[in-house]
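Trainee: following is a predicted model, sequence given first.
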Amino acid sequence: GRVVNYTITQTVIKTSFRMTYSDVNEMLAGNPEKIEQFKPIMDSVSAMAELHKILEDMRERRGALNFDTSEARILVNDKGMPVDIVVRERGTAERMIESFMLAANECVAEHFAKAKLPFIYRIHEEPKAEKLQRFMDYASIFGIQIKGTANKMDQLDLQDFMARVQGKPGAEVMNMMLLRSMQQARYSEHNHGHYGLAAEYYTHFTSPIRRYPDLLVHRMIREYTQVTDEKIEHFRNVIPELATSSSTLERRAIDAERVVEAMKKAEYMEEYVGQEFDGVVASVVKFGMFIELPNTIEGLVHITTLPEFYNYNERTLTLQGEKSGKVFRVGQQIKIKLTRADKETGDIDFEYIPSDYDVIEKVKKSRQDRSGKDKRRPKSDNHKDHKKDHKSNKQRNHKSSKSSSKKTGKKPFYKEVAKKKTRKAKK
């Protein structure tokens, strides 16, 4: 899967067939109609699929992380109203094109890095130790140990972790949590490599019609056909600001996309208010938990709507009922009812419904450790236990004083005091 030869030059693309990802996936799956329709290029498509597998294996060997999370595909009618929401499928065709784009991006980045010319790179720095440690602590709760330390984590160790959780309940949530512990990729005039791809050189080159940094790279390729001191100085001055602004605007675009997606999802769910669904706990926070449905729609079960008081454990990311012991944790299945969907705000609210999915764990009693800190029990419960203990101690002491009085034949001291006061009053 290593590039042994390449040429960077201006070319013209000649399109032989207009095809969709579905067409290619069906061809590779053996659909006779699609194979006949695109017969002249069938051998080429098969070779492309084989090359994709080679490139994919190469990236896996070097430690590239594959965060294959679910994406929503919102289907709308001619009036823009959402009629269905499905999970976007990524077949061989989609992944094949991605493999070729990654190879091209890496090749161009390496070429200009070694030429020591001013250039714009797409970088992904190593994860911060604090976030990675939090994720490692969380993974250990499920009995999954990750090799390495928070200060130095090799991609192959994270790759091993992802392979071990694959196919298990909550695997997708765990992958999402790992993704959130990573730093955000950004544009820079300095090459720091790409941690997620385990690539030493990386840039965005393949999409100049939809991304400005790619367009900038194409402009620089043309300009650098004849390198001059003036051009070098120009790009050295403008690239830092362009990289920063491109990173900022990218975040704005992603945020805008999320807002629109949330609005469309809420609009779609409006007609299902009052219906019950099976979902998965996607995240747990102080004010409740976010539940994800199989079609990627996510809503909130607010803590105030739960039938009892729930304690939030930040370390384990769980909510536990103070009386029942019911526990809600990330990746757990849950039954909920849709109570509200607001298309203007994009908010979706769920209500928890007791079911066979519920997990009950013993609420551990409070204990004082050697440092004197209270552990594992709310203060209200400690207070109740203390009152009970105090009451039982009083009863035991009262009984013991009575029994001791009977044994010795003496009257209790307070009766003697009362008798003396009575005598004085009579006098």
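Mentor: Yep, that arrived. Note that the structure is predicted; figures quoted are calculated from it, not measured. Numbers count the residues shown, from 1 in each chain.

Trainee: relative to Q333, how far out is V359?
Mentor: 9 Å (C-beta to C-beta, to the nearest Å). Just so you know, the C-beta spots here come from the backbone N, C-alpha and C atoms, and that holds for glycine as well.

Trainee: distance from the strand or helix carrying K264 to the middle of the chain?
Mentor: According to DSSP states H and E, K264 maps onto helix 229-269. Taking C-alpha atoms, centre = their mean, to the nearest Å, one finds helix 229-269 lying 21 Å from the centre of the chain it belongs to.

Trainee: between helix 229-269 and whatever helix or strand comes next after that helix, find me the angle.
Mentor: Counting by DSSP H and E, the next helix or strand C-terminal to helix 229-269 is strand 276-285. Interaxial angle, strand 276-285 versus helix 229-269 (axes from the mean of the first three to the mean of the last three C-alpha atoms, to 10 degrees): 140 degrees.

Trainee: elements contacting strand 276-285?
Mentor: helix 171-180, strand 288-292, strand 326-329, strand 333-342, strand 347-353 (3 or more C-beta pairs under 8 Å, 6 or more residues apart in numbering; DSSP states H and E).

Trainee: out of these, nearest to S99?
Mentor: Closest to S99 of these, according to C-beta to C-beta: helix 171-180, at 20.1 Å.

Trainee: contacting residues around the helix or strand that contains K34?
Mentor: If you go by DSSP H and E, K34 is part of helix 32-37. Under the contact criterion C-beta atoms under 8 Å, 6 or more residues apart in numbering, helix 32-37 has outside partners D23, E26, M27, M42.

Trainee: report the distance from it to the chain centre.
Mentor: 40 Å.

Trainee: mind listing what's buried along it?
Mentor: Buried positions in helix 32-37, judged by neighbour count with 16 or more other C-beta atoms under 10 Å: K34.

Trainee: pLDDT averaged over it - what is it?
Mentor: Averaging pLDDT along helix 32-37 yields 95.

Trainee: who are the contact partners of the residue lying closest to R211 once chain neighbours are set aside?
Mentor: Distances taken as C-beta to C-beta, 6 or more residues apart in numbering place H204 nearest to R211, at 5.8 Å, with adjacent residues excluded. When contacts are counted by C-beta under 8 Å, 6+ apart, H204 is found next to N105, R122, Y187, R211, P213, D214, V217.

Trainee: which residue ranges form the helices in the chain?
Mentor: 21-28, 32-37, 42-62, 92-114, 129-141, 155-165, 171-180, 212-223, 229-269, 379-408, 413-426 (DSSP state H).

Trainee: please pull out the lowest mean pLDDT helix or strand from the protein.
Mentor: Every helix and strand in the chain was compared by mean pLDDT, DSSP states H and E; the lowest is strand 374-375, with a mean of 34.
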